[in-house]
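Engineer: Next input, structure requested:
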Amino acid sequence: MQEILARNLQDARGLGAPPLLTTQREALSLYRAILRHSLLYTWDNEAGQPWRDVIRQSARAEFEAVRPQRDPETIARLLVTGRDCLQQAAEKFDAKRKSLLMAATIGQRPP
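Structural biologist: Residues are numbered from 1 along each chain as shown. Prediction:
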């Protein structure tokens, strides 16, 4: 049994991606998640720009600013922080949307 496991693990090691690709894949996944989440923001800011575009430009600038970073610990910390910020923004967006829907449904009920 151990011989079979050792053989399969040895084969799997040859197929695995280098750790750098995993980090790149995580960063790309986070960037895509931010782009998908930005689609929810359909209104304009005070300057008349759609928030969707502002969020996308900001995300692009942040990712480009840390592109030369090579320290794995720093990259991991940035990815965790980015995911956390995205999750917090999504939760706040959902809470606000639910409160607006509740206010709209209460306002539409006959007295």
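
Engineer: Which positions within the helix or strand harbouring Ser58 qualify as buried?
Structural biologist: Under the criterion of DSSP states H and E, Ser58 resides in helix 51-65. For helix 51-65, burial by neighbour count (16 or more other CB atoms under 10 Å) applies to Arg52, Ile55, Arg56, Ala59, Phe63. C-betas here are computed from N, CA, C, even on glycine.

Engineer: who touches the closest residue to Gln69 other than its chain neighbours in this structure?
Structural biologist: The shortest distance from Gln69 to any non-neighbouring residue, by CB to CB, 6 or more residues apart in numbering, is to Ile75 (5.8 Å). Applying CB atoms under 8 Å, 6 or more residues apart in numbering, we find Ile75 in contact with Thr23, Ala27, Val66, Gln69.

Engineer: Leaving out chain neighbours, which residue sits closest to the second one?
Structural biologist: Residue nearest to Ala27 in three dimensions, not counting chain neighbours: Leu79, with 6.3 Å by CB to CB, 6+ apart.

Engineer: what would the buried residues of helix 51-65 look like in JSON lines with distance to Gln87 and pLDDT?
Structural biologist: Output for the buried residues of helix 51-65, formatted as JSON lines (distance: CB to CB, whole Å; pLDDT from 0 to 100):
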{"residue": "Arg52", "distance to Gln87": "19", "pLDDT": "96"}
{"residue": "Ile55", "distance to Gln87": "15", "pLDDT": "96"}
{"residue": "Arg56", "distance to Gln87": "18", "pLDDT": "97"}
{"residue": "Ala59", "distance to Gln87": "15", "pLDDT": "97"}
{"residue": "Phe63", "distance to Gln87": "18", "pLDDT": "97"}
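
Engineer: Can you find the helix or strand of this protein with the lowest average pLDDT?
Structural biologist: helix 2-15 (a mean of 60; mean pLDDT, DSSP states H and E).

Engineer: Buried ones in the biggest helix by length in the chain, by neighbour count?
Structural biologist: Taking DSSP state H as the criterion, the chain has its longest helix at helix 72-108. Within helix 72-108, the residues scored as buried using 16+ other CB under 10 Å are Ile75, Leu78, Leu79, Gly82, Leu86, Ala89.

Engineer: Thanks a lot, see you next time.
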